[in-house]
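Participant: Requesting a structural model of the entry that follows:
(one chain, ligands or ions: 1)
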Amino acid sequence: MEAELKELLNDLESLKRSPPDLLNSSIDKLKMRVEHLSNLAKSSPARRSKVKDMSAEVIDSNPYSRLMALQRMGIVHNYERIREFSVAIVGIGGVGSVAAEMLTRCGVGRLLLYDYDTVELANMNRLFFRPEQVGMTKTDAAVQTLSDINPDVVLESYTLNITTVQGFETFMSSLKNKKFRPEKEGSGVDLVLSCVDNYEARMAVNQACNELNQTWMESGVSEDAVSGHIQLLIPGETACFACVPPLVVASGIDERTLKREGVCAASLPTTMGVVAGLLVQNTLKYLLQFGQVSRYLGYNALKDYFPTMEMKPNPQCSNAACVDRQKEYIIARPAREAAAKAEMVAEALLFTGGPLHADNEWSISVVDDGEPDGLDFPSSVGLPEGVVHELPSADVFRPPPAPEAVCLADDLEDLRRQLDALNAPQG
Ligand SMILES: [Zn+2]
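Facilitator: Okay, the predicted model is just below:
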């Protein structure tokens, strides 16, 4: 389109030189070409070009200026690190698609998207997917939208079911792939987000993450659409999904029997948006190391209640990989504690290195709270010659004058006389 516009400009220049009898037909031809170009512009959405480095420059054309401002505000130490991170999202539905869009807009390095389903009109009560995408796989439709929003994000689309043998194998090998950041320790991704709607898929994510020693976050929205939760799972350190399956603990029912065939679950874009927001907020805090990362955060929409809690792993967990990770975590405890202590010492050294505040608007200073040198006040130290303090300083206690000897009997007699005089009839 750029080449066609250039050609059009050249033709406009030559129009000036064309003989008057040909002018009208030339203008008609040019009009047709302008119409053709404007139709082209309508059909292909404008895509911004890739950005090499995240800039903090405050200009309207910088897609990252508001995010980089988090550094200036002292919230995030190094925002640009987000480009190093890979996040896998399993389930691109009401929560997963919105989480993917948020991470894309935040400029995450790489997103791996997993889903086997296609976009349906019945999904339009939720955010993200559009009616013209009906029939496309959710992963392909997501890549189409996300690559337009931010072409800097590396997007990988996996149209598969992770609960099948083949799907699980592909899922595992894609998580292990370290091509994006070869020097990274552990697996090839920094975090896995589970945004699936069933028990089997959660158990598959749990299995993969326990095997790979991969930290992940689980999310869920209730069937009645008015509550949800997010949960951080660190293999060996926190409870895994098999240690305490939430519903089994609460009601003693096997969750597998709860998904009723043919029953249409309710869903609200609001609840799903809130849960996706909580999930990605926790993800950003975890990746960029700011604030407090929630271990479990619930959301009850009817009462606007947000319960939090922590869950320790179950030593009798049915998942063998979970038990292995728990043993490793216990063995590594002395090294972990030593590292934490060293970090605390380093922080303390940093703290004593200088004053906490550079400016001291109210001239507040810490004074020696030892015994005062003596009681020879008022002091005139620091005052011009001949000037003394009228009042003692607050830190100095002036002993009261010694009471004079008084005669109690005389005083009482005097008081009685005064009272009698007051009570005497007037006039
Ligand atoms: Zn477990």
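Participant: who are the neighbours in contact with residue 216?
Facilitator: 191, 192, 193, 194, 205, 209, 233 (CB atoms under 8 Å, 6 or more residues apart in numbering). C-beta coordinates here come from the backbone N, C-alpha and C atoms, glycine included.
Participant: any idea what sits nearest it, other than its immediate chain neighbours?
Facilitator: Leaving aside its chain neighbours, residue 216 sits nearest to residue 192 (3.9 Å; criterion: CB to CB, 6 or more residues apart in numbering).
Participant: which SS state does the one you found fall under?
Facilitator: Here residue 192 takes the strand state, with states given by DSSP: H, G, I helix; E, B strand; the rest coil.
Participant: so it sits right up against residue 96, yeah?
Facilitator: No - counting by CB atoms under 8 Å, residue 192 does not reach residue 96; the two are 11.5 Å apart.
Participant: list residues touching both of these two?
Facilitator: Common contacts of residue 192 and residue 96 (CB under 8 Å, 6+ apart): residue 90.
Participant: Surely residue 47 and residue 150 touch.
Facilitator: No - in this structure residue 47 lies outside contact range of residue 150 using CB under 8 Å: 9.9 Å.
Participant: Between the two, tell me which one has more neighbours.
Facilitator: A count of neighbours by other CB atoms under 10 Å puts residue 150 above the other of residue 47 and residue 150, at 22 against 11.
Participant: Mind telling me what element the residue most central in space within the chain is part of?
Facilitator: Centroid-nearest residue in the chain: residue 281, 2.4 Å away (criterion: CA atoms, centre = their mean). Using DSSP states H and E, residue 281 sits in helix 269-288.
Participant: Show me the shaky parts of this structure.
Facilitator: Scanning the chain for pLDDT under 70 picks out the ranges 1-6, 36-46, 245-262, 351-361, 363-411, 424-427.
Participant: near the ion, which residues of it show up?
Facilitator: 240, 242, 243, 317, 319, 322 (CB under 5 Å from the ion).
Participant: Break down the stretch 101-250 of the chain into its helices, ranges please.
Facilitator: 138-149, 165-176, 199-212, 246-251 (DSSP state H, counting those that start in this stretch).
Participant: which of those is buried the deepest?
Facilitator: helix 199-212 (a mean of 22; mean count of other CB atoms under 10 Å).
Participant: coming back round to it: so can I have a markdown table of the contacts of residue 216 showing distance to residue 336?
Facilitator: Shown next, in a markdown table, are the contacts of residue 216 (distance: CB to CB, whole Å):
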| residue | distance to residue 336 |
| --- | --- |
| 191 | 20 |
| 192 | 23 |
| 193 | 26 |
| 194 | 26 |
| 205 | 26 |
| 209 | 20 |
| 233 | 18 |
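Participant: And the furthest pair within these?
Facilitator: In these, the most distant members under the criterion CB to CB are 191 and 205, with 11.8 Å between them.
Participant: if we can go back for a sec, could you measure the residue nearest to residue 216 against residue 345, distance?
Facilitator: 34 Å (CB to CB, to the nearest Å).
Participant: Please say which of those two ends up with more neighbours.
Facilitator: The residue with more neighbours, out of residue 192 and residue 345, is residue 192; 26 against 10, by other CB under 10 Å.
Participant: residues in contact with that one?
Facilitator: Going by CB under 8 Å, 6+ apart, the list of residues near residue 192 reads 87, 88, 90, 175, 205, 208, 209, 214, 215, 216, 217.
Participant: next one: residue 165
Facilitator: So residue 165 contacts nothing (CB under 8 Å, 6+ apart).
Participant: any idea how far the spatially closest residue to residue 12 that is not a sequence neighbour is from the ion?
Facilitator: Counting by CB to CB, 6+ apart, residue 30 is the residue found nearest to residue 12 once chain neighbours are left out, at 7.0 Å. Residue 30 sits 71 Å away from the ion, taking CB to the ion, to the nearest Å as the criterion.
Participant: Is it correct that residue 30 is in contact with residue 14?
Facilitator: No - between residue 30 and residue 14 there is no contact under CB under 8 Å: 10.5 Å.
Participant: all strands in this structure, in order from the N-terminus.
Facilitator: Read by DSSP state E, the chain holds these strands, from start to end of the chain: 86-90, 110-115, 154-159, 191-194, 216-221, 227-233, 296-300.
Participant: Adding distance to residue 19, write those strands out as CSV.
Facilitator: Output for the strands of the chain, formatted as CSV (distance: least, CB to CB, whole Å):
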stretch, distance to residue 19
strand 86-90, 64
strand 110-115, 59
strand 154-159, 55
strand 191-194, 68
strand 216-221, 71
strand 227-233, 73
strand 296-300, 75
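Participant: how about the ones you listed, which one is nearest residue 8?
Facilitator: Closest to residue 8 of those is strand 154-159 (CB to CB; 34.8 Å).
Participant: Could you give the separation of the closest one from the chain centroid?
Facilitator: 23 Å (CA atoms, centre = their mean, to the nearest Å).
Participant: repeat for stretch 10-26
Facilitator: So, by CA atoms, centre = their mean, the centroid of stretch 10-26 is 60 Å from its chain's centroid.
Participant: can you pull the contacts of residue 87?
Facilitator: Residue 87 neighbours (CB under 8 Å, 6+ apart): 103, 108, 110, 111, 112, 189, 190, 191, 192, 193, 283, 287.
Participant: change it to 7 Å
Facilitator: Residues near residue 87 by CB atoms under 7 Å, 6 or more residues apart in numbering: 103, 108, 111, 189, 190, 191, 193, 283.
Participant: Beta-bridge partners for it, please?
Facilitator: Beta-bridge pairing of residue 87 under DSSP bridges involves residue 111, residue 191.
Participant: gap between it and the ion?
Facilitator: From residue 87 across to the ion, the span is 23 Å (CB to the ion).
Participant: same check, this time on residue 116
Facilitator: Separation of residue 116 from the ion (CB to the ion): 26 Å.
Participant: Nearest to residue 270 among the helices of the stretch 101-250 of the chain would be which one?
Facilitator: Of all the helices of the stretch 101-250 of the chain, it is helix 138-149 that lies closest to residue 270, at 20.7 Å by CB to CB.
Participant: Please verify my assumption that residue 196 contacts residue 202.
Facilitator: Yes - applying CB atoms under 7 Å, one finds residue 196 in contact with residue 202, separated by 5.9 Å.
Participant: Look up how far residue 164 lies from residue 116.
Facilitator: As judged by CB to CB, residue 116 and residue 164 stand 9 Å apart.
Participant: between these two, which one's more packed in?
Facilitator: residue 116 (18 against 13).
Participant: now the angle from the helix holding residue 281 to strand 86-90?
Facilitator: 150 degrees (axes from the mean of the first three to the mean of the last three CA atoms, to 10 degrees).
Participant: Dump stretch 69-85 to PDB, restricted to CA.
Facilitator: Coordinates of the C-alpha atoms in stretch 69-85 are reproduced here as PDB (Å, rounded to 0.1, in the frame of the first residue of the first chain):
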ATOM      1  CA  ALA A  69       6.600   4.400  34.500                       C
ATOM      2  CA  LEU A  70       6.200   1.700  37.100                       C
ATOM      3  CA  GLN A  71       9.900   1.900  37.600                       C
ATOM      4  CA  ARG A  72       9.900   5.700  38.000                       C
ATOM      5  CA  MET A  73       7.100   5.300  40.600                       C
ATOM      6  CA  GLY A  74       9.300   2.800  42.500                       C
ATOM      7  CA  ILE A  75       6.900  -0.100  42.100                       C
ATOM      8  CA  VAL A  76       9.000  -2.300  39.900                       C
ATOM      9  CA  HIS A  77      12.800  -2.400  39.900                       C
ATOM     10  CA  ASN A  78      13.300  -3.400  36.200                       C
ATOM     11  CA  TYR A  79      10.200  -3.600  34.100                       C
ATOM     12  CA  GLU A  80      11.900  -4.500  30.900                       C
ATOM     13  CA  ARG A  81      12.800  -7.900  32.400                       C
ATOM     14  CA  ILE A  82       9.200  -8.900  31.400                       C
ATOM     15  CA  ARG A  83      10.500  -9.500  27.900                       C
ATOM     16  CA  GLU A  84      12.600 -12.500  29.200                       C
ATOM     17  CA  PHE A  85       9.700 -14.400  30.500                       C
END
